[in-house]
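got a predicted structure here, sequence first:
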Amino acid sequence: EPEVTQTPSHQVTQMGQEVILRCVPISNHLYFYWYRQILGQKVEFLVSFYNNEISEKSEIFDDQFSVERPDGSNFTLKIRSTKLEDSAMYFCASSDGRGVAEETQYFGPGTRLLVL
Amino acid sequence: KNEVEQSPQNLTAQEGEFITINCSYSVGISALHWLQQHPGGGIVSLFMLSSGKKKHGRLIATINIQEKHSSLHITASHPRDSAVYICAVQGGSEKLVFGKGMKLTVNP
């Protein structure tokens, strides 16, 4: 069964460093998402991406964050200058996107980011 | 802004018990999702529903749009059902708004 994959599974970085989290969505999906979950807290929406542009973003997704689909398979989240509070599990998700917003979203296994 | 509340926050059950997890939300929605988060952190989508009821194996999800409430039922619970169950809602866009989740432990 097709699945969303994410790399790396864990990343440790120093405060102020740039990190790139990578995701390979399900191949025929058109909508892509990033979510994050700070330890012990609820999952939060960061951004959705469709047709090579941001479709919607939350107030968390400030200028320090960016997303890109550099080729036909990868979808990346970049944090330019990490802060301690960026430590979280980051989930990528994708959905079919065949015309309605209300679709099952398929989640990747997550990347656990620790900023020291 | 939609507020999503889940109850109970934690539940411990014995194998075989019938379990109900509740979710309420404050603003009208276009769809509600039930998700399962495993101890390792991975999230699996269980159901997406806009009205009525859906069933998959031992899981049943219902939604009452007028009362802004949904329930997830697990029949004949098993230790492998132990996980965090999360309710998330959509309000006409792709964005999901999540509840805090309910941690279920099923003992043999």
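Looks like it came in fine.

which positions in chain A make contact with chain B?
A:31, A:33, A:35, A:37, A:41-45, A:48, A:50, A:55-56, A:58, A:89, A:91, A:95, A:101-107, A:109-110, A:112 (Cβ under 8 Å from any Cβ of the partner chain). In this view, the C-beta of every residue, glycine as well, is placed from N, C-alpha and C.

how about a cut-off of 6 Å?
A:31, A:42-43, A:45, A:48, A:56, A:89, A:101-102, A:104, A:107, A:109-110 (Cβ under 6 Å from any Cβ of the partner chain).

now tell me which of those the prediction trusts least.
The lowest pLDDT within the residues of chain A next to chain B belongs to A:Ala101, with 61.

so residue 20 bridges to which residues?
Using chain A. Going by DSSP bridges, A:Ile20 is paired in beta bridges with A:Lys78.

wait, chain B
B:His73.

returning to what we had before: any quick ChimeraX command for the buried ones out of the residues of chain A next to chain B?
Buried residues among the residues of chain A next to chain B (16 or more other Cβ atoms under 10 Å in any protein chain shown), as a ChimeraX selection:
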select /A:31,43,45,48,56,89,101,102,107,109,110
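
between the residues of chain A next to chain B, which is nearest B:Arg58?
If you rank the residues of chain A next to chain B by distance to B:Arg58 using Cβ to Cβ, A:Thr104 comes first, at 19.2 Å.

doesn't the closest one belong to a helix?
No - A:Thr104 is assigned coil when assessed by DSSP: H, G, I helix; E, B strand; the rest coil, not a helix.

which ones are touching it?
Listed by Cβ atoms under 6 Å, 6 or more residues apart in numbering or on different chains, the contact partners of A:Thr104 are B:45, B:48.

before we move on, what about B:Ser77?
B:13, B:17, B:19, B:106.

also B:Val84?
Neighbour list for B:Val84: B:37, B:101, B:103 [criterion: Cβ under 6 Å, 6+ apart].
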